[in-house]
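[1] Got a predicted model here, sequence first, then my questions.
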There are 2 protein chains.
Amino acid sequence: MEWPSVEFDNRHPADVADHLENVGPEEQLKILQESPPEEAAEYVVEMERHDREDLLSRLSGTFVADILSEMSPDDAADILDDLDREQRSEIFKHIDRKDAALINDLLKFDPDSAGGVMNTEILVLDRKLTVDQAVSLIRKGAEDIEVPYYAYVVDEYRHLKGVLSLRDLMLARSGTRLQDLLHDQHLIYVAYNEDKEEVAKLIGRYDLLALPVVDLEQRILGIVTVDDVIDIIQEEASEDLQTMVGAGSDETIDSPWQYSVKKRAPWLVMNLFTSAVSAWVVHLFEGTIAQMSVLAVLMPIVANQAGNTGQQSLAVMIRQLALERFDRRKVWSAVLREARIGLLNGIGLSFLVFCAIFMWTDNLTLSLVVGIALGGDMLLGAVAGASIPLVLKEMGRDPAQASSIFLTMLTDSAGFFFFLGMATFIFT
Amino acid sequence: MEWPSVEFDNRHPADVADHLENVGPEEQLKILQESPPEEAAEYVVEMERHDREDLLSRLSGTFVADILSEMSPDDAADILDDLDREQRSEIFKHIDRKDAALINDLLKFDPDSAGGVMNTEILVLDRKLTVDQAVSLIRKGAEDIEVPYYAYVVDEYRHLKGVLSLRDLMLARSGTRLQDLLHDQHLIYVAYNEDKEEVAKLIGRYDLLALPVVDLEQRILGIVTVDDVIDIIQEEASEDLQTMVGAGSDETIDSPWQYSVKKRAPWLVMNLFTSAVSAWVVHLFEGTIAQMSVLAVLMPIVANQAGNTGQQSLAVMIRQLALERFDRRKVWSAVLREARIGLLNGIGLSFLVFCAIFMWTDNLTLSLVVGIALGGDMLLGAVAGASIPLVLKEMGRDPAQASSIFLTMLTDSAGFFFFLGMATFIFT
């Protein structure tokens, strides 16, 4: 498939960054050295993390410092955050003191908080200014501001008082004071320590282009912009899907394969322990299986059906936690909803399985045992799938992490226990 | 957990919509009737789909028409798209002809295309206008424009020639013609039939606030805005995670539970068939299991490890397809990367399992059989997990749909076949 109907600029920094990721070290160096520093900075910002680390490790501290100085301080801080300590302090030696102070301030924020993702190059206007004073300030200063659609109105202590769009300013009469344009405004803002995922939810919920970030005294520190929020949402979606099954949260097909091996191996080892639990349950009933090997044939059906049912509930619950503000009562009562769905589908599927096995084996009791074990395990799967992310969340952990592995352990071992246990009770 | 450091406006339409979803029919009606129609329209737009359908089905055609007339035509079209035919034509009778024509035009676009998600209330300016003429036009007309940050510059045939931000206009000299401000612009736009997912990728990649949508002659039709893109990205993430395991693409914990039962049941039935394949493989070796019941004990370990390895590859590949433009060479060569990871983790885990089983059973041959079957199945799992979404995509299907179910069938049946086959060959 091509992208036939899309036109884009091949010289856009995002495209040059792609090109840089795919060429050798000498070519990379050549492109960066031949570009004006402010453009080189944009290319580096757009590069994929692992490729960027590789590249920067090959450049001199002075050259990296020149590039970082051209970036907005939040981008520079993000990049420095990925480097190791020695490399970072080597680079800091060559950055001028004012820029270094700004970057250092930003490095203090938790990278997963609003402060860690905010942009500090914003338009701040005193509330006592008139509209025409504001416009002439903007005309003078707007070049440097990354997102010049909003201006933030503050009092003399930099307390956030309101937000005006450039359009508000264009439509207002020139002598009006900014504070008089703010009446009836319902300001939405976050504290610097708010989780970035919550920031993304707020911006998505209220369709904002930028959300102000304040300190504990409500002084404005910066803004989180919608383009950063898109990146946050995509990162969180990758994280949920990938950590659910024990892959690395930030893996992509561009990550070095050794990195992926290292990230996934511990969860595979954990999966070995959980599988051992299921195997142990089967071991309890080895005698029965020796007498009735057909039980081993039917085991995968019970395990798979319940596992799949549970994964359906798990998927819906993980997306719920990703999309909406955590509402304890609402999400726990959704477990009941999943139980209902699991029960109804459990009854339906059990009946199908009962019929199929009865036709195949002509053994009514065995068919009943499989049907009942399957129905029970599907109900358990649905409840477990819906509950696991909630339990992890209540424990203060990532609700997705390894959830699929825990779920499989529960549905496998409970399914084998119901099924083989009933068979043992009835047939031996 | 609470949201302690966030301040928001309880009267924001998104919040009122939440409230509406949680009250009874009379209260809903009361709130809507007591609100000015333009506010009622905003509440309805923000409501969750199923709740909105319920609500609208209880209102008279005239009342719904009044509300829809206050919305932007793209929102009205989206809502009408969800309703059944009779209800739709009943409502259309009461919408005035000009609005109805606009909405009807939008309904013609595929809802999953750029045209289906675009906003048509945009600021279009002739390229021959001067900056001050443009500004005074904006001052007159801006009230009605939903996203007034960009103006689209066109020629006399409405061909898109360039984009100017309000800030560009504010900074330009007043006598300049708009066309002279466009030099050196690299315009990014899409055709109306482009997939909305690709639109979202473009806006994310190039950090745009809005992307112009054109017809086949490059005349501007509308724009897709970044807030709609956030919704598209979230929908796609839910779709991938949920359809992967056979849950409905648009299910949430707010959907009626009967709807979820209906969406999930067919995939559970399909899962029954794929499990039957695995069961059939086990059935082939029933004789061996009857002689050596320990094989049934070890089956879940082989199946789970390979299944988990495959799911890790599957997760990374599905996210790749969600994040980046489809690049056939790149994604297929990523299968090789996953094979490498699967092989290395396969060797490591096989060795661990070999040691554990040897310690437990003191049976060297059996331990070797399990180890080799496990390693082989993990490699196969990784290759299958990475390939399944690509094969589905090449077939023109949704790359996520039921992929986890297909994967489990492959790793289970191949794992049982390797393991029980080798055991049969060696021990009987």
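    Arrived safely. What you are looking at is a predicted structure, and each value in this text was computed from that prediction instead of being measured.
[2] what pLDDT does the most centrally placed residue in chain A get?
    Central residue of chain A (Cα atoms, centre = their mean): A:E236, 0.9 Å from the mean position. pLDDT, A:E236: 94.
[3] quick one: it and A:P212, what's the gap?
    Distance from A:E236 to A:P212, counting by Cβ to Cβ, to the nearest Å: 22 Å. C-beta coordinates here come from the backbone N, C-alpha and C atoms, glycine included.
[4] next one: phi and psi at A:G222?
    Main-chain dihedrals, A:G222, degrees, to the nearest 10: phi 180, psi -170.
[5] That one: what's it in contact with?
    If you count contacts by Cβ atoms under 8 Å, 6 or more residues apart in numbering or on different chains, A:G222 has them with A:D74, A:G115, A:M118, A:N119, A:T120, A:I122, A:P212, A:V213.
[6] list the contacts for the nearest residue to it once chain neighbours are set aside?
    Closest residue in space to A:G222, ignoring its immediate chain neighbours: A:M118 at 3.6 Å, by Cβ to Cβ, 6 or more residues apart in numbering or on different chains. Neighbour list for A:M118: A:D74, A:F109, A:Y192, A:V213, A:L221, A:G222, A:I223, A:V224 [criterion: Cβ under 8 Å, 6+ apart].
[7] Repeat the analysis, applying 6 Å as the threshold.
    A:M118 makes contact with A:V213, A:G222, A:V224 under the criterion Cβ atoms under 6 Å, 6 or more residues apart in numbering or on different chains.
[8] For it, which phi and psi angles does the backbone take?
    According to degrees, to the nearest 10, A:M118 has phi -80, psi 160.
[9] now chain A, which segments are flagged as low pLDDT?
    Applying pLDDT under 70 to chain A flags residues A:1-10, A:142-148.
[10] Run through the strands of it in chain order.
    A:6-7, A:124-126, A:150-154, A:160-165, A:189-191, A:210-214, A:220-225 (DSSP state E).
[11] and the angle from the fourth one to strand A:210-214?
    Same thing as strand A:160-165. 160 degrees (axes from the mean of the first three to the mean of the last three Cα atoms, to 10 degrees).
[12] what's the spacing between strand A:160-165 and its chain's center?
    29 Å (Cα atoms, centre = their mean, to the nearest Å).
[13] List the strands paired with it, with their directions.
    Here strand A:160-165 has these sheet partners by DSSP bridges: strand A:150-154 (antiparallel).
[14] Please list all residues in contact with the closest residue to A:G376 other than its chain neighbours.
    Nearest residue to A:G376, sequence neighbours excluded (Cβ to Cβ, 6+ apart): A:F418, at 5.4 Å. A:F418 makes contacts with A:A373, A:G376, A:D377, as judged by Cβ under 6 Å, 6+ apart.
[15] Which one of those is nearest to chain B?
    Closest approach to chain B among the contacts of A:F418 (Cβ to the nearest Cβ): A:D377, at 12.6 Å.
[16] A:E86 and chain B: what is the separation?
    As judged by Cβ to the nearest Cβ, to the nearest Å, A:E86 and chain B stand 30 Å apart.
[17] burial of that residue, as a residue count?
    Look at A:E86: counted by other Cβ atoms under 10 Å in any protein chain shown, it has 8 neighbours.
[18] show me the residues around the residue nearest to A:I232 when sequence neighbours are not counted that make contact.
    Closest residue to A:I232 apart from its sequence neighbours, by Cβ to Cβ, 6+ apart: A:A200 at 4.5 Å. Neighbouring residues of A:A200 by Cβ under 6 Å, 6+ apart: A:V229, A:I232, A:I233.
[19] likewise A:D377?
    Contacts for A:D377 (Cβ under 6 Å, 6+ apart) come out as A:V302, A:A306, A:T411, A:A414, A:G415, A:F418.
[20] Can you check those residues and name whichever has the most neighbours?
    Neighbour counts for the contacts of A:D377 (other Cβ under 10 Å) peak at A:A306, which has 33 neighbours.
[21] who's in contact with that residue?
    Going by Cβ under 6 Å, 6+ apart, A:A306 touches A:D377, A:M378, A:G381, A:T411, A:G415.
[22] Quick check: it vs A:I138, distance?
    Noted for A:A306: a distance of 62 Å to A:I138, by Cβ to Cβ.
[23] which one of the contacts of A:G222 has the most neighbours?
    A:V213 (28 neighbours).
[24] related to what we said a few turns ago, which of the contacts of A:A200 fall within helices?
    A:V229, A:I232, A:I233 (DSSP state H).
[25] Redo those residues as CSV? Include distance to B:Q311.
    Shown next, in CSV, are the ones in helices among the contacts of A:A200 (distance: Cβ to Cβ, whole Å):
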residue, distance to B:Q311
A:V229, 28
A:I232, 24
A:I233, 22
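[26] And the residues you listed, which is closest to chain B?
    Comparing these against chain B with Cβ to the nearest Cβ places A:I233 closest, at 5.6 Å.
[27] hmm, back to that, out of the strands of chain A, nearest to A:D54?
    With Cβ to Cβ as the measure, strand A:220-225 is the member of the strands of chain A nearest A:D54 (27.8 Å).
[28] list the buried ones in that closest one?
    Counting neighbours by 16 or more other Cβ atoms under 10 Å in any protein chain shown, one finds that the buried residues in strand A:220-225 are A:I220, A:L221, A:G222, A:I223, A:V224, A:T225.
[29] now swap in stretch A:57-73 and tell me
    A:59, A:61, A:63-73.
[30] before we move on, the earlier item: keep only those of the contacts of A:F418 that are in helices.
    Short answer: those in helices (DSSP H) are A:A373, A:G376, A:D377.
[31] List the residues that contact A:A100.
    By Cβ under 6 Å, 6+ apart, the residues touching A:A100 are A:F92.
[32] make it 10 Å
    By Cβ atoms under 10 Å, 6 or more residues apart in numbering or on different chains, the contact list for A:A100 reads A:A65, A:L68, A:S69, A:P73, A:A76, A:I91, A:F92, A:K93, A:H94.
[33] Tell me how far it lies from A:A65.
    Distance, A:A100 to A:A65, using Cβ to Cβ: 9 Å.
[34] what does A:M71 give?
    11 Å.
[35] How about A:P111, nearest residue that isn't a chain neighbour?
    A:D81 (5.8 Å).
[36] meant to ask about A:L407
    A:L407 sits nearest to A:G310 (Cβ to Cβ, 6+ apart), 4.7 Å away.
[37] so that neighbour touches A:T411, yeah?
    Yes. Counting by Cβ atoms under 10 Å, A:G310 does reach A:T411; the two are 5.3 Å apart.
[38] List the contacts of the closest residue to A:L410 other than its chain neighbours.
    Distances taken as Cβ to Cβ, 6+ apart place A:A384 nearest to A:L410, at 4.7 Å, with adjacent residues excluded. Shown in contact with A:A384 (Cβ under 10 Å, 6+ apart): A:306, A:309-310, A:313-314, A:335, A:338, A:342, A:377, A:391, A:403, A:406-411, A:414.
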